[in-house]
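**Q** here is my input; please provide its structure:
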Amino acid sequence: MIVAKNLSKNFGSFRALDNINFCISRGETVALLGPNGAGKTTLLRLLTGYYLPDGGEVTVSGYDIGRERIKALKNIGYVPENSPLYGDMTVFDFLRFNAGLHNLPPSEFADRAAEVIAALCLENVISRKIETLSKGFKHRTGLAGSLLHRPKILLLDEPTEGLDPNQKFEFRRFIKDYGKKNIVLISTHIMEEVEALADRVILLNNGKLVRDTSPGELKKIAPDNDLQTAFRTITTDR
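**A** From the prediction side, this is the model:
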């Protein structure tokens, strides 16, 4: 479970997030929506402990992310928009490197690596250097590294940016299956993604949580029952 209570973050005089409250439970796939600068990436970084809040708190699987970050991170897989990869490593070397970060013993690494390689269709590139891969395969490699420790919570920032339609289809199929038994939180601006994946929408605007609802309920705001129209209606400054 993820619980955010009265969560706020400032950068100097700029208030990036203002008194955010929500709870996400196992089995939910949630889309984090908002225009550029709404606070989506800041929120993800607060959930991982990369930033510390200036007000409020975050608990992940019962651990306060500020005071017990190492314990909390054992439950989190995080893939930022530009996932940090090492171009001179092969895909397999990168997975082994990530296994070391999570102290996975060799026997467990073998099983889990086989699992994520198959799930993300990396068999044909496993021996290739990351710098030679397409953007789609780089995305999958970053995701595979984040899944080795079987996190209960998966945080993804713009995960399908640059993927072709076939890669998007494969990614969405994987995420829908993973989200059935875990928590998946996806920051995105692609409404097609929201409708394909999300059970729930958390919508930020100007650092505030302005909607916490289902995609279906959000669409009802628009006269044409369109998610994009509803998004513009809520987030356009007048």
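**Q** ranges for the helices of this structure?
**A** 40-47, 69-73, 91-101, 106-119, 135-147, 165-178, 191-197, 215-219, 227-235 (DSSP state H).
**Q** in JSON lines: those helices, plus mean neighbour count, distance to V3 and mean pLDDT.
**A** Where C-beta positions appear, they are placed from N, C-alpha and C, glycine not excepted. Converted to JSON lines, the helices of the chain look like this (neighbours: other CB atoms under 10 Å; distance: least, CB to CB, whole Å; pLDDT from 0 to 100):
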{"stretch": "helix 40-47", "mean neighbour count": "22", "distance to V3": "10", "mean pLDDT": "94"}
{"stretch": "helix 69-73", "mean neighbour count": "16", "distance to V3": "12", "mean pLDDT": "90"}
{"stretch": "helix 91-101", "mean neighbour count": "18", "distance to V3": "26", "mean pLDDT": "93"}
{"stretch": "helix 106-119", "mean neighbour count": "14", "distance to V3": "28", "mean pLDDT": "89"}
{"stretch": "helix 135-147", "mean neighbour count": "22", "distance to V3": "22", "mean pLDDT": "88"}
{"stretch": "helix 165-178", "mean neighbour count": "15", "distance to V3": "21", "mean pLDDT": "84"}
{"stretch": "helix 191-197", "mean neighbour count": "19", "distance to V3": "22", "mean pLDDT": "90"}
{"stretch": "helix 215-219", "mean neighbour count": "17", "distance to V3": "22", "mean pLDDT": "94"}
{"stretch": "helix 227-235", "mean neighbour count": "17", "distance to V3": "24", "mean pLDDT": "93"}
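**Q** just send those back as TSV, with distance to Y63 too.
**A** Compiled in TSV, the helices of the chain are given as follows (distance: least, CB to CB, whole Å):
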stretch	distance to Y63
helix 40-47	12
helix 69-73	4
helix 91-101	18
helix 106-119	22
helix 135-147	18
helix 165-178	21
helix 191-197	26
helix 215-219	30
helix 227-235	33
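**Q** nearest to N10, out of those?
**A** helix 40-47 (10.2 Å; CB to CB).
**Q** so which elements touch that closest one?
**A** Contacts defined by 3 or more CB pairs under 8 Å, 6 or more residues apart in numbering; DSSP states H and E place helix 40-47 against strand 2-11, strand 14-24, strand 29-33, strand 55-60, strand 153-157, strand 183-187.
**Q** ok now it, how far from the chain's centre?
**A** 10 Å (CA atoms, centre = their mean, to the nearest Å).
**Q** return that helix as CSV; C-alpha atoms alone will do.
**A** What follows is helix 40-47, C-alpha atoms only, in CSV (Å, rounded to 0.1, in the frame of the first residue of the first chain):
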residue,chain,number,x,y,z
LYS,A,40,4.0,14.3,-11.4
THR,A,41,7.7,13.6,-11.5
THR,A,42,8.2,15.4,-8.2
LEU,A,43,5.5,13.1,-6.6
LEU,A,44,7.2,10.0,-7.9
ARG,A,45,10.5,11.1,-6.5
LEU,A,46,8.9,11.7,-3.1
LEU,A,47,7.4,8.2,-3.2
